[in-house]
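A.B. asks: Take a look and give me a structure for this.
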Amino acid sequence: MSGVEHGDVEPGGDAIVTTAWQLAEAEGWAAVTTRRLAEHADVDLGALYERFADRGAVVVAVAVRGFADLAAALAAARGAVGRPAEVWPAVMAAYLDFAYANPEVYDAMFAHTPELTLGAEQVPATIAATFGELRAALNPLAAGRDADTLAELGWSLLHGMVMLTRGGRLRPEAQEQRDQLLGAHLFDPR
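C.D. replies: This is a model prediction of the structure:
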């Protein structure tokens, strides 16, 4: 996991955020109490409260770090391909891989932290970076369409696919076909 680059986690909070991430992924968010978190991070409960006002603040810090890691994964995927037509499928695959590999963190990013929205007056840099990577991946396919709207639509489709897949509401045997359609055909400018 990467650190948060822009100071959304106070110094010394990294071990707590890492521990919260690991506990949530292993046992779910219900298992991440401040007492257990302090015990597993090997910090005094008072020290935890000096860094984070409450459990909710820890969840926000995990979400912000999740966005940082997702943005980094998308940037790496975008940079790893040579042709513009390969960029969106690579970024899409990286997004889905992150979401499926980190379901509890993904939930922290999108379900447990409604204050972390792209449209907020002060959006954390990691959320803006995630959106920027999606926009950069779809920009070559914009063909005169508004790139921001296209990125919002792409993000919405990816998020919907993640949540419906995780909820067992989509046909498992059609996953590859859905990925292919979304990755190679849905945003085709022709």
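A.B. asks: Residues touching the helix or strand of the chain with the lowest mean pLDDT, excluding its own?
C.D. replies: Between all helices and strands in the chain, the lowest mean by mean pLDDT, DSSP states H and E belongs to helix 175-180, at a mean of 92. Contact with helix 175-180 is made by 92-93, 96, 161, 165, 170, as judged by C-beta atoms under 8 Å, 6 or more residues apart in numbering. Placement of C-beta: from N, CA and C, glycine included.
A.B. asks: List only those of those flagged as buried.
C.D. replies: Buried by 16 or more other C-beta atoms under 10 Å: 92, 96, 161, 165, out of the contacts of helix 175-180.
A.B. asks: from those residues, which is closest to V62?
C.D. replies: Taking C-beta to C-beta as the measure, L96 is the one of the buried ones among the contacts of helix 175-180 closest to V62, at 20.0 Å.
A.B. asks: Could you pull up phi and psi at the closest one?
C.D. replies: Dihedral angles phi and psi of L96 (degrees, to the nearest 10) take the values phi -60, psi -40.
A.B. asks: I'd guessed it sits against L158; true?
C.D. replies: Yes. Here L96 reaches L158: they are 6.8 Å apart, a contact under C-beta atoms under 8 Å.
A.B. asks: Out of the buried ones among the contacts of helix 175-180, the closest to A57 would be?
C.D. replies: Nearest to A57 out of the buried ones among the contacts of helix 175-180 is L96 (C-beta to C-beta; 28.8 Å).
A.B. asks: Could you check how far that closest one is from E176?
C.D. replies: 12 Å (C-beta to C-beta, to the nearest Å).
A.B. asks: So L116, which state does it fall into?
C.D. replies: Following DSSP: H, G, I helix; E, B strand; the rest coil, we place L116 in the coil state.
A.B. asks: Now do the contacts for it.
C.D. replies: Going by C-beta under 8 Å, 6+ apart, L116 touches 60, 63-64, 67, 109, 123-124, 127.
A.B. asks: can you tell me the helix or strand for the residue nearest to W155 when sequence neighbours are not counted?
C.D. replies: Excluding the flanking residues, the one nearest W155 by C-beta to C-beta, 6 or more residues apart in numbering is L134, at 5.3 Å. Using DSSP states H and E, L134 maps to helix 125-138.
A.B. asks: which element follows the helix or strand harbouring L37 toward the C-terminus?
C.D. replies: In this assignment (DSSP H and E), L37 forms part of helix 34-41. Past helix 34-41, further along toward the C-terminus, the next helix or strand under DSSP H and E is helix 45-51.
A.B. asks: Could you list every helix and strand that the helix holding L37 packs against?
C.D. replies: Helix 34-41 makes packing contacts with helix 14-27, helix 45-51, helix 55-79 when contacts are defined by 3 or more C-beta pairs under 8 Å, 6 or more residues apart in numbering; DSSP states H and E.
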